[in-house]
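[1] I'll drop the sequence and a predicted model, then ask my questions.
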Amino acid sequence: KIEELFCQGCGVAIQTENKQEPGYVPNSALENEVIICQRCFRLKNYNEVQDVPYTDGDFLQMVSQIANTKSLIVKMVDIFDFNGSFIRGLHRLTGNNKVIIIGNKVDLLPKSTNLSRVRQWIKKEAADLGVTVQDVYLISAKTGQGFDEVKQAIEYHREGQDVYVVGSTNVGKSTFINYLINDSVGTKDAITTSYFPGTTLGFIDIPLDDHSSLYDTPGVVNRGQLVHYLAKEDIKLITPNKEIKPRTYQLNSQQTLFIGGLARFDFIKGERQSFTCYFPNRVELHRTKLEKADQLYLDHLGTMLTPPGENTAKDYPKLVEQTIKLSGEKVDLVFPGLGWISLSGEPATVAVHSPFDVPVSRRNSII
Ligand code: GDP
């Protein structure tokens with residue numbers, strides 16, 4: 001039985017009962033000289049995909065108190081999963097504070113990507129969701145690309161005030177915070193404990209100067225994230241570790257492309273044309289006839305059409321179809337958490353299939 005153990009990283013009370021709750025450590029880790037909770041452990045060894053969900057109540061209470069502060073909000077999103085990683089309702093919770101967005105994982109975009117179009121797209125999507133942003137910065141928390149610019153931007157926009165970094169799980173927030181810690185101060189001094197009154201949440205506090213700090217808030221779990229529907233081994237496959245290589249298909253109408261077994265694209269009507277696919281290199285694409293597609297999916301989901309793998313295929317949500325008519329715009333059809341298909345700009349009627357909570361959206365082409 002544990003009595004009054006606290007995480008040496010964030011100060012949260014240590015418990016060994018529930019993996020899903022804050023402060024969890026496995027029993028075996030109690031032997032260690034320095035005990036840190038799973039979340040802080042991840043901060044130090046950040047290369048693992050793992051959710052540490054906090055109860056919505058706690059989280060909302062905490063975030064709504066950010067509205068009462070005078071601060072700069074730094075919202076992190078995953079460029080490959082904008083829709084899945086954007087926290088809905090953020091505008092109501094952050095008050096009148098300024099917001100900047102950091103789009104992470106820019107290292108995965110093909111070199112030919114027009115980054116200013118990516119920024120415009122993010123800005124517009126945020127505005128459509130009711131959030132006015134000061135600016136959008138693209139970084140790679142992994143390589144450090146764009147990092148100096150973001151640091152300067154934070155310094156500029158915060159006007160001497162505190163900074164709150166918010167984001168859903170898996171956007172790369174821990175990686176970014178780690179980078180900040182290693183970059184600015186000695187790790188040991190940087191991490192202190194902070195609590196919002198009325199919540200049980202402890203979180204990372206990095207002093208910026210004598211009067212202000214940067215706070216790392218706990219990651220929120222968003223329903224619209226594809227990763228929640230997949231097993232660990234599947235997540236590995238759809239998590240790109242290298243720049244995405246485009247794969248181009250010349251399709252006739254009435255042909256279908258399967259993106260593993262995760263999503264589907266039908267070219268219904270139009271002249272023969274090319275479709276360029278930007279998906280993680282390890283996810284296989286399969287071309288087939290539209291008329292055969294439904295049966296193929298029934299017969300081969302989890303075997304030929306994978307991920308999801310054989311064991312998880314039965315739990316993968318049903319695909320929902322959405323028809324899109326294009327009269328010649330150069331657009332990308334974005335599959336959140338996966339990638340996108342770039343259309344050549346000829347008239348076409350297509351259908352996209354994805355899980356209900358992970359709808360496909362369109363944007364102006366970014367290449
Ligand atoms: P958190 O849940 O928001 O704290 O996310 P993590 O920092 O744990 O990162 C989630 C996953 O994304 C991990 O697999 C990281 O290795 C990966 N990741 C984070 N930042 C980057 C990045 O800039 N580029 C790439 N390619 N992967 C990243």
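    That came in fine, so what should we check first?
[2] CA only for contacts and neighbour counts going forward, please
    OK.
[3] And the helix or strand harbouring Tyr249, what does it pack against?
    Secondary structure assignment for Tyr249, by DSSP states H and E: strand 247-251. Where contact means 3 or more C-alpha pairs under 8 Å, 6 or more residues apart in numbering; DSSP states H and E, strand 247-251 is packed against strand 273-278.
[4] who touches the strand it packs on?
    Residues outside strand 273-278 that contact it (C-alpha atoms under 8 Å, 6 or more residues apart in numbering) are 244-252, 339-344, 346.
[5] So what's the gap between it and the chain middle?
    Per C-alpha atoms, centre = their mean, to the nearest Å, the displacement of strand 273-278 from the mean C-alpha position of its chain is 24 Å.
[6] and if you look at stretch 209-216?
    On C-alpha atoms, centre = their mean, the centre of stretch 209-216 falls 25 Å from that of its chain.
[7] Between the two ends of it, what distance do you get?
    16 Å (C-alpha to C-alpha, to the nearest Å).
[8] just the contacts of strand 273-278 that are near the ligand?
    Among these, no residue sits close to the ligand (C-alpha under 6 Å from any ligand atom).
[9] Any of those residues buried? List them.
    Among the contacts of strand 273-278, those classed as buried by 16 or more other C-alpha atoms under 10 Å are Ile244, Lys245, Pro246, Leu251, Asn252, Gly339, Trp340, Ile341, Ser342, Leu343, Ser344, Glu346.
[10] Throw these into a markdown table and include secondary structure and pLDDT, thanks.
    Output for the buried ones among the contacts of strand 273-278, formatted as a markdown table (DSSP: H, G, I helix; E, B strand; the rest coil; pLDDT from 0 to 100):
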| residue | secondary structure | pLDDT |
| --- | --- | --- |
| Ile244 | coil | 95 |
| Lys245 | coil | 95 |
| Pro246 | coil | 96 |
| Leu251 | strand | 98 |
| Asn252 | coil | 98 |
| Gly339 | strand | 96 |
| Trp340 | strand | 97 |
| Ile341 | strand | 98 |
| Ser342 | strand | 97 |
| Leu343 | strand | 96 |
| Ser344 | coil | 93 |
| Glu346 | coil | 95 |
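[11] Out of the residues you listed, which comes closest to the ligand?
    Ile244 (9.9 Å; C-alpha to the nearest ligand atom).
[12] Leaving out the residues flanking it, which one is nearest to the closest residue to the ligand within the stretch 251-367 of the chain?
    Nearest to the ligand, among the residues of the stretch 251-367 of the chain, is Pro280, at 10.7 Å (C-alpha to the nearest ligand atom). With sequence-adjacent residues excluded and distances taken as C-alpha to C-alpha, 6 or more residues apart in numbering, Pro280 is closest to Pro240, at 5.0 Å.
[13] Could you report the neighbour count for that neighbour?
    19 (other C-alpha atoms under 10 Å).
[14] Low-confidence stretches in the chain?
    1-4, 8-11, 39-61, 63, 89, 92-93, 184-203, 220-223 (pLDDT under 70).
[15] Great, nothing more from me.
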